[in-house]
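Participant: got a structure for you, letters missing:
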């Protein structure tokens, strides 16, 4: 009936239990034997570690796979020699992180250096690593427990630093590790405001994907849109508007409320003015300038931006 053959087979069934067939042991190849001999020589190991410091870690993890075992004493000696060769015994971990050398940083951290060190100005290792723009060093520090939200001397977190520099990959690593997207710098700015001011549209996108408020620029009243408009960053303005930012983008509080359109008009940024007009920004909005109210058109005229004034006039018709 097509049933499988369940009859006992020699070497497989024995009494009530199973008997496993012995697995044949293959003799190592000549190449593996030569490699094994080479890896027993400290000079060879030392050279390999100098070429790539991470080799030391790999040796420690994989020594059991060979026919010999690399003793802890030899591993320690290799590590010490490596530190000497790379001049790391008295190295500044902040400099190493700023250069983005993840392997050297790992060696020092594995020797007991804290990932929570600060330099003389109060900068953290994570902030220094952010300036390198290299993701391996960022991942290393995050995995080793660096404080994501610690602030340096200027009140910036590592995320603020990454937003200032404009490295979207570094920002993504920090955000994925749950860095506080709403943290304020010493001067009261959010990371989104910093990224918008510097014109980094990819970073702005990353922040918004991780729930940053498109209208939150911090506690000084400036919105990301008003700052981006004043700097002429049209792509950032488009990104913010596409993600729900209010088109007026009022900056300030009380009677002093300048709109994003007014910021762009005063600075003469035609592309931003056109964008905001397309989004139905309020052309007649005015803010209090002492004893009088000032509109976007007056700001453009006062600053001598004839083309911007023409755009406003054409829109009003």
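Facilitator: Happy to help now that I have it. Every value quoted in this text rests on a predicted model; they were computed, and no experiment measured them. Numbering: from 1, shown residues only.

Participant: Only C-alpha atoms from now on, for both contacts and neighbour counts.
Facilitator: Will do.

Participant: thought residue 173 was touching residue 136?
Facilitator: No - applying C-alpha atoms under 8 Å, one finds residue 173 not in contact with residue 136, separated by 10.0 Å.

Participant: ok now do residue 296, which residues does it touch?
Facilitator: Applying C-alpha atoms under 8 Å, 6 or more residues apart in numbering, we find residue 296 in contact with 261-262, 265-266, 283-286.

Participant: can you rerun that using 7 Å?
Facilitator: 261-262, 265, 283 (C-alpha atoms under 7 Å, 6 or more residues apart in numbering).

Participant: Likewise for residue 234?
Facilitator: Going by C-alpha under 7 Å, 6+ apart, residue 234 touches 271-272.

Participant: Please report the distance of it from residue 214.
Facilitator: 15 Å (C-alpha to C-alpha, to the nearest Å).

Participant: go on, residue 274?
Facilitator: Relative to residue 214, residue 274 is positioned 20 Å away (C-alpha to C-alpha).

Participant: Those two - which one has more neighbours?
Facilitator: Neighbour count, other C-alpha atoms under 10 Å: between residue 274 and residue 214, residue 214 has more, with 23 against 19.

Participant: Can you check the pLDDT for the more buried one?
Facilitator: Here the pLDDT value assigned to residue 214 is 96.

Participant: which residue sits closest to it, ignoring its sequence neighbours?
Facilitator: Leaving aside its sequence neighbours, residue 214 sits nearest to residue 245 (C-alpha to C-alpha, 6 or more residues apart in numbering; 5.0 Å).

Participant: Around that neighbour, how many other residues sit close by?
Facilitator: 19.

Participant: do residue 317 as well
Facilitator: Neighbour tally, residue 317, other C-alpha under 10 Å: 5.

Participant: now swap in residue 278 and tell me
Facilitator: Using other C-alpha under 10 Å, residue 278 has 10 neighbouring residues.

Participant: wouldn't the residue nearest to residue 214 be in contact with residue 213 here?
Facilitator: No - Residue 245 is beyond contact range of residue 213, at 8.3 Å (criterion: C-alpha atoms under 7 Å).

Participant: Tell me how far residue 248 lies from residue 182.
Facilitator: According to C-alpha to C-alpha, residue 248 and residue 182 sit 22 Å apart.

Participant: Please say which of these two ends up with more neighbours.
Facilitator: The residue with more neighbours, out of residue 248 and residue 182, is residue 248; 22 against 17, by other C-alpha under 10 Å.

Participant: Please settle this for me: is that one part of a strand?
Facilitator: No - the assignment for residue 248 is coil, going by DSSP: H, G, I helix; E, B strand; the rest coil, so no strand is present there.
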